[in-house]
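Next input, structure requested:
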Amino acid sequence: MKTSLTRRGFTVIELVVVVSILAILSGVLVPRVSNHIKATRDARRLTDIKVLRDAIDQFYLDRGTYPQANENSIFGNWDVSHDGNFIRSLRNSGYLEEELADPLNDTLHHYRYLVYEPGSHGCKGAGPFYVLGLTNFETAEFAAKHKGFFRCANRNWGDDFAYVTGGGAAFRE
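Have a look, this model is predicted:
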């Protein structure tokens, strides 16, 4: 009687080859997936800032004033999305369907909002004006394509933010 010896399982060499192939594939795919996730968060930031701008503008049209900015001295007196109230105020007043926040919403990635007195920084307008900024994008490619714009004679907020917008004032020479 012959006993048949059948081999079950993998040899050490086969396991090393499979693990090596998986490591190479993950080394190639993980950075691509990570960059895609960052670009997706950047796109969300841009969408959020435009929705916020529209909500602030509509608030002003309806009420004749801009939402209150709770100034935070740590952040140069800006109302910031991760601890301020301007977004909550817009939500509670019905101008936003949900409270918007930067996808990371930390000290490096957040939205800032401030209302200025008429004529501040050489801006002209009938009344106060506001500036709404996004502190950082995560990908250089996205940042290069989306700068936003808001400046007056004595200040360019584009120098302070990755993306900036605002309303209620115009450039004055």
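
so what's D106 closest to, chain neighbours aside?
Leaving aside its sequence neighbours, D106 sits nearest to H82 (CB to CB, 6 or more residues apart in numbering; 6.6 Å). Yep, even glycine has a C-beta here, placed from its N, CA and C like the rest.

my guess is that neighbour meets L104, correct?
No: using CB atoms under 8 Å, H82 makes no contact with L104, being 9.2 Å away.

what's the average pLDDT for stretch 105-119?
For stretch 105-119, mean pLDDT is 94.

Next, D79: secondary structure please.
Three-state call for D79 (DSSP: H, G, I helix; E, B strand; the rest coil): strand.

residue closest to the middle of this structure?
In the chain, the centroid-proximal residue (CA atoms, centre = their mean) is R45; its distance is 3.3 Å.

so how far is W157 from the closest residue to R155 other than its chain neighbours?
The shortest distance from R155 to any non-neighbouring residue, by CB to CB, 6+ apart, is to H121 (4.0 Å). Relative to W157, H121 is positioned 9 Å away (CB to CB, to the nearest Å).

and if you look at S20?
S20 is 51 Å from W157, by CB to CB.

The two - which one has more neighbours?
Neighbours per residue (other CB atoms under 10 Å) separate S20 from W157, with W157 holding more: 20 against 10.

Give me the pLDDT for the more buried one.
W157 carries a pLDDT value of 95.

What is the helix or strand of the chain with the lowest mean pLDDT packed up against?
Within the chain, no helix or strand scores below helix 12-63, which has a mean of 87 by mean pLDDT, DSSP states H and E. If contacts are counted by 3 or more CB pairs under 8 Å, 6 or more residues apart in numbering; DSSP states H and E, helix 12-63 sits against helix 86-92, strand 111-116, strand 129-134, helix 140-145, strand 163-167.
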